[in-house]
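K.L.:
sequence below, structure please.
(chains A and B)
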Amino acid sequence: MPEIRTRFAPSPTGYLHVGGIRTALFAWLVARQTDGCFILRFEDTDKKREVEGARDHLMASLLQLGLVYDEGPDIGGPYGPYIQSERLDSYRAWAGKLIDAGRAYADPYTPEQVQGFRELAQKEKRPFLFRDHRPENPPVWDETMPLRFKSDPKQYTRTDAVMGTLTTGPETIDDFILIKSDGYPTYNFAHVIDDYEMKISHIIRGQEFLSSIPNYLNLYEALDITPPVMATMPHVLGPDGKKKLSKRDGAKDVLDYIREGYLPEALVNFIASLGWNDGTEQEIFSRDELIHTFSLDRVQRSGARFDEQRLLWMNGHYIRALNLDDLFGRVSAFWQPEAGAYGDDYKKQVLGLVQERLKYFAELPALTQFFFTDLPVEPELIEGHKQLKKVDREMLRELLVSVRENLAGSDFSVDDLTSRLNQLLESSGQKPAVLFSLIRIATTQAPASPALAETLAVLGKDRSLARIDTQIAAMQPGDSL
RNA sequence: GGCCCCUUCGUCUAGUGGUCCAGGACGUCUGGUUCUCAUCCAGAAAAUCGCGGGUUCGACUCCCGCAGGGGUCACCA
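P.N.:
Purely as a prediction, here's the structure:
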């Protein structure tokens, strides 16, 4: 069996969103299933659309997600260059062969004339085909006009690795442009040549190309090249389920997910499960499991909607599964500035307390703020509390005074704090909902926090008592809360 | 409009003629885990399998038609 070689071939016109990266992921998986090759190639034949910096951005996106390519623009390889604008000689040579074989001709019309043909066809309610206007005696191609493929329309029945058996008639095949008047090839021509020269075995690409494939098949024939296996992926749809995910409609850059603290392994797992499953009830797949169980024929033929809630859940799941040291290392760039004054041990303890409630790392500051900063007394936390607001305020203050006295004798270990909190529960006769809420609010001034004893232990004795004092002072009779 | 693809809980999906009055996961709701948030656990609601015809003893599964959605008809990829 020939070597499996797949490629991801974006045009450097911007960033990659979830839909784009999925195509890359599937191509990468197919290559990794055997000891095949995954290749990155830039399709930059439209100079006008090229975006500065897009190449680096694209490469970074792939690498950040662990989709490491074996051959590519920056690392080279045996079939380079991997940038189409540097392969012009090759396209010209192949175009020459087609011209010699009578399968390509110069297009003598101006764009306006072609547009005229198109509009006429539209008015007469018939499909526009350039080949209906094929010039009888085309001029010699001098590279200043477009070079067109002289098609040989026929019916094709082919097997797509995802879509299954597809049949199309001759009406879908036309004389498309091989080389533009600016000397650059079109995608339609260039990718066929490149895939052949780079020995690509599987083309995995989006559904937008489905209707052009008969044209490619016709070209392969004219070139006497056996087409690679083709796999057409359905689109990833936007959250509204209406149309394909697109930058225009605000689809997020995958690098933004990384920047917000989504884990590459969670992103990969999530993206793979958009329109693919292994037939079992397994939801969480490690990278290796994905490599072993993935198959193109189990890719869904219908478009999958992008559900960010599911991504959020999956990311939280992966965060919880990390060991604390690993998590600590990954989260280093996300702490709030004030945390810089604290040591690793302290931060690690804090992190341990919030790990199970972290959905993505950018949430870290909001979740841990009070561990690093003394927040001002927030009266609303008591006034708006469903239990505390019913209790007499002076009584709450006295309760807090007795708490302060008791805790002053604690070593602030979790065990000691736990037993003291239980003592206080008994001696005060208060319900946990009242006592614990009061202490929690006094020591954190936050609407939510981790378990009380653990939180106090990490906060430490001095800080906890000081905050209780502040709260008591704020509750002095006469003072308004 | 022509051509092509698609159509199972809100969402991602399992399902290849009977074991499916349709299973799992996310989300939602309820209860439990000495306070909150989260986790975890238990449970619930949630698809007349797009619609209509066939074929068959029997169809989510096969066939035909229709409707809806999407893609494409560029000197963009």
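K.L.:
find the nearest non-adjacent residue to residue A:290, please.
P.N.:
Excluding the flanking residues, the one nearest residue A:290 by CB to CB, 6 or more residues apart in numbering is residue A:272, at 5.4 Å. Where you see a C-beta, it was placed from the backbone N, CA and C, and this is true even at glycine.
K.L.:
quick check: residue A:239 is in a helix.
P.N.:
No. The assignment for residue A:239, made by DSSP: H, G, I helix; E, B strand; the rest coil, is coil rather than a helix.
K.L.:
let me see the backbone angles for it.
P.N.:
Main-chain torsions, residue A:239, degrees, to the nearest 10: phi -60, psi -30.
K.L.:
likewise residue A:157?
P.N.:
The phi/psi pair for residue A:157 (degrees, to the nearest 10) is phi -120, psi 120.
K.L.:
now swap in residue A:293 and tell me
P.N.:
Dihedral angles (degrees, to the nearest 10) for residue A:293: phi -100, psi -10.
K.L.:
number of nearby residues for it?
P.N.:
Burial of residue A:293 is recorded as 18 neighbouring residues (other CB atoms under 10 Å).
K.L.:
repeat that for the one 10 residues further on.
P.N.:
Residues contacting residue A:303 under the criterion other CB under 10 Å number 20.
K.L.:
I figured it was touching residue A:234, is that so?
P.N.:
Yes. Using CB atoms under 8 Å, residue A:303 is in contact with residue A:234, at 4.5 Å.
K.L.:
shared neighbours, the two?
P.N.:
By the contact definition CB atoms under 8 Å, 6 or more residues apart in numbering, residue A:303 and residue A:234 are jointly contacted by A:207, A:275.
K.L.:
sorry, back to before: wait, the residue nearest to residue A:290 touches residue A:285, no?
P.N.:
Yes. Applying CB under 8 Å as the test, residue A:272 and residue A:285 come out as touching, 6.7 Å apart.
K.L.:
helices of the stretch 251-400 of chain A, start to end?
P.N.:
Assigned by DSSP state H, counting those that start in this stretch, the stretch 251-400 of chain A shows helices spanning A:254-259, A:264-272, A:287-293, A:308-321, A:324-330, A:344-354, A:364-372, A:380-383, A:393-407.
K.L.:
flag every buried residue along the fifth one.
P.N.:
Buried residues in helix A:324-330, counted by 16 or more other CB atoms under 10 Å: A:327, A:328.
K.L.:
that helix near RNA strand B anywhere?
P.N.:
No. Residues of helix A:324-330 contacting RNA strand B under CB under 7 Å from any atom of the strand: none, with a closest distance of 14.1 Å.
K.L.:
tell me what that helix is packed against?
P.N.:
helix A:344-354 (3 or more CB pairs under 8 Å, 6 or more residues apart in numbering; DSSP states H and E).
K.L.:
mind giving me the packing neighbours of the helix it packs on?
P.N.:
Using 3+ CB pairs under 8 Å, 6+ apart: helix A:344-354 touches helix A:324-330, helix A:364-372, helix A:452-459.
K.L.:
give me the buried positions along it.
P.N.:
Going by neighbour count (16+ other CB under 10 Å), the buried part of helix A:344-354 is A:346, A:347, A:349, A:350, A:351, A:353, A:354.
K.L.:
rebuild the residues you listed as a markdown table, extending it with pLDDT and distance to residue A:360.
P.N.:
Output for those, formatted as a markdown table (pLDDT from 0 to 100; distance: CB to CB, whole Å):
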| residue | pLDDT | distance to residue A:360 |
| --- | --- | --- |
| A:346 | 97 | 23 |
| A:347 | 97 | 18 |
| A:349 | 96 | 21 |
| A:350 | 97 | 17 |
| A:351 | 97 | 14 |
| A:353 | 96 | 17 |
| A:354 | 97 | 12 |
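K.L.:
now those in TSV, with distance to RNA strand B?
P.N.:
Shown next, in TSV, are those (distance: CB to the nearest atom of the strand, whole Å):
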residue	distance to RNA strand B
A:346	20
A:347	18
A:349	16
A:350	13
A:351	14
A:353	9
A:354	8
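K.L.:
any idea which of the residues you listed is closest to residue A:166?
P.N.:
Residue A:166 lies nearest to residue A:354 out of those, by CB to CB, at 51.3 Å.
K.L.:
would you agree the closest one is in contact with residue A:369?
P.N.:
No. Using CB under 8 Å, residue A:354 makes no contact with residue A:369, being 10.7 Å away.
K.L.:
check the closest residue to residue A:298 other than its chain neighbours and give its pLDDT.
P.N.:
Distances taken as CB to CB, 6+ apart put residue A:276 closest to residue A:298, at 6.0 Å, once the chain neighbours are dropped. Listed pLDDT for residue A:276 reads 94.
K.L.:
and the residue nearest to residue A:290, what does it touch?
P.N.:
By CB under 8 Å, 6+ apart, the contact list for residue A:272 reads A:22, A:25, A:26, A:29, A:285, A:290, A:294.
K.L.:
and the helices and strands packed on helix A:344-354, which is most packed in?
P.N.:
When those are scored by mean count of other CB atoms under 10 Å, the highest mean neighbour count falls to helix A:452-459 (a mean of 21).
K.L.:
contacts for that helix?
P.N.:
Here helix A:452-459 has contacts from A:346, A:349-350, A:353, A:371, A:407, A:412-414, A:417-418, A:421, A:436, A:439-440, A:443-444, A:449, A:464, A:467, using CB under 8 Å, 6+ apart.
K.L.:
residue contacts, the residue nearest to residue A:146 when sequence neighbours are not counted?
P.N.:
In space, residue A:146 comes closest to residue A:107 once its chain neighbours are excluded; the distance is 4.2 Å by CB to CB, 6+ apart. Each residue near residue A:107 by CB under 8 Å, 6+ apart is listed here: A:114, A:135, A:138, A:145, A:146, A:147, A:148, A:177.
K.L.:
and those residues, which are buried?
P.N.:
A:114, A:138, A:145, A:146, A:147, A:148, A:177.
K.L.:
and those near RNA strand B, which?
P.N.:
Under the cut-off given by CB under 7 Å from any atom of the strand, RNA strand B has A:114, A:145, A:146, A:177 from the buried ones among the contacts of residue A:107 close to it.
K.L.:
in CSV: these, plus secondary structure and pLDDT.
P.N.:
Below are those laid out as CSV (DSSP: H, G, I helix; E, B strand; the rest coil; pLDDT from 0 to 100):
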residue, secondary structure, pLDDT
A:114, helix, 93
A:145, coil, 94
A:146, coil, 96
A:177, strand, 97
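K.L.:
any chance of the residues you listed in CSV, plus distance to residue A:382?
P.N.:
Output for these, formatted as CSV (distance: CB to CB, whole Å):
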residue, distance to residue A:382
A:114, 75
A:145, 80
A:146, 76
A:177, 73
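K.L.:
widest-spaced pair of the residues you listed?
P.N.:
Comparing all pairs in these by CB to CB, the longest separation belongs to A:114 and A:145, at 11.4 Å.
K.L.:
taking the contacts of helix A:452-459 one by one, which sit in helices?
P.N.:
Among those, the ones falling in helices (DSSP state H) are A:346, A:349-350, A:353, A:371, A:407, A:414, A:417-418, A:421, A:436, A:439-440, A:443-444, A:464, A:467.
K.L.:
for PyMOL, what selects the buried ones among these?
P.N.:
Buried residues among these (16+ other CB under 10 Å), as a PyMOL selection:
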select buried, chain A and resi 346+349+350+353+371+407+417+418+421+436+439+440+443+444+464+467
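K.L.:
low-scoring stretches of chain A, by residue?
P.N.:
Applying pLDDT under 70 to chain A picks out residues A:1, A:478-481.
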